[in-house]
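> Got a predicted structure plus its sequence, pasted below:
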Amino acid sequence: MSCCNCCAVSCCCKPGILNTIASDTLGLVWRAASGTVDPWTKKELQADEQAGLIQAGANPNDAANQAACDVSKTLTSTPGGNSDPSGFWCGLKNSVSKGFCLTNNLGQTILYIGLGALLLLLVFNYATRE
């Protein structure tokens, strides 16, 4: 990983607008399904860390390597488990095995699902009105 357009004062290491859009759209689904950080958000976290290290006076190449190491280490050692994008399938399996339950009380879960379905029906009914 190398830094783009860096100088001693500032660094333009941001991944770009497409990465930001992917992080805010596809990443949302990724994070909701697996409980892990998506690769696009990870790239932005690394870029932010890298820019901070360069601003503190680090060599751009060293800053890129250190940022990648720091972010990966942090994501793999979170208290809730592995949050790194490489843990996607494990996170998805855990989410599915828990059945996406909102609560341990079966009655409340059924109530929430029913209310959600009712809300969807109302929204679709309103949207298809002429």
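Nice, thanks for sending it over.
> least trustworthy helix or strand in this protein by mean pLDDT?
One helix or strand of the chain scores below all others by mean pLDDT, DSSP states H and E: helix 88-97, with a mean of 69.
> Help me confirm that D84 comes into contact with T76.
Yes: shown here, D84 and T76 form a contact pair, counting by Cβ atoms under 8 Å, at 4.9 Å. All C-beta atoms are positioned from the backbone trio N, CA, C, and that covers glycine.
> what do these two both touch?
Both D84 and T76 lack any common contact, where contact means Cβ atoms under 8 Å, 6 or more residues apart in numbering.
> So the two - more neighbours on which side?
For D84 versus T76, neighbours defined as other Cβ atoms under 10 Å are more numerous around D84 (20 against 13).
> Now that one. Its backbone dihedrals?
Dihedral pair for D84: phi -70, psi 150, per degrees, to the nearest 10.
> which residues touch it?
Counting by Cβ under 8 Å, 6+ apart, D84 touches 36-37, 42, 72, 75-76.
> Just give me the residue closest to the centre of this protein.
Centroid-nearest residue in the chain, with Cα atoms, centre = their mean: V37, separated by 3.5 Å.
> need the contacts of D84 in a markdown table with secondary structure and pLDDT, can you?
Shown next, in a markdown table, are the contacts of D84 (DSSP: H, G, I helix; E, B strand; the rest coil; pLDDT from 0 to 100):
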| residue | secondary structure | pLDDT |
| --- | --- | --- |
| T36 | coil | 83 |
| V37 | coil | 87 |
| K42 | helix | 91 |
| S72 | helix | 88 |
| L75 | helix | 87 |
| T76 | helix | 85 |
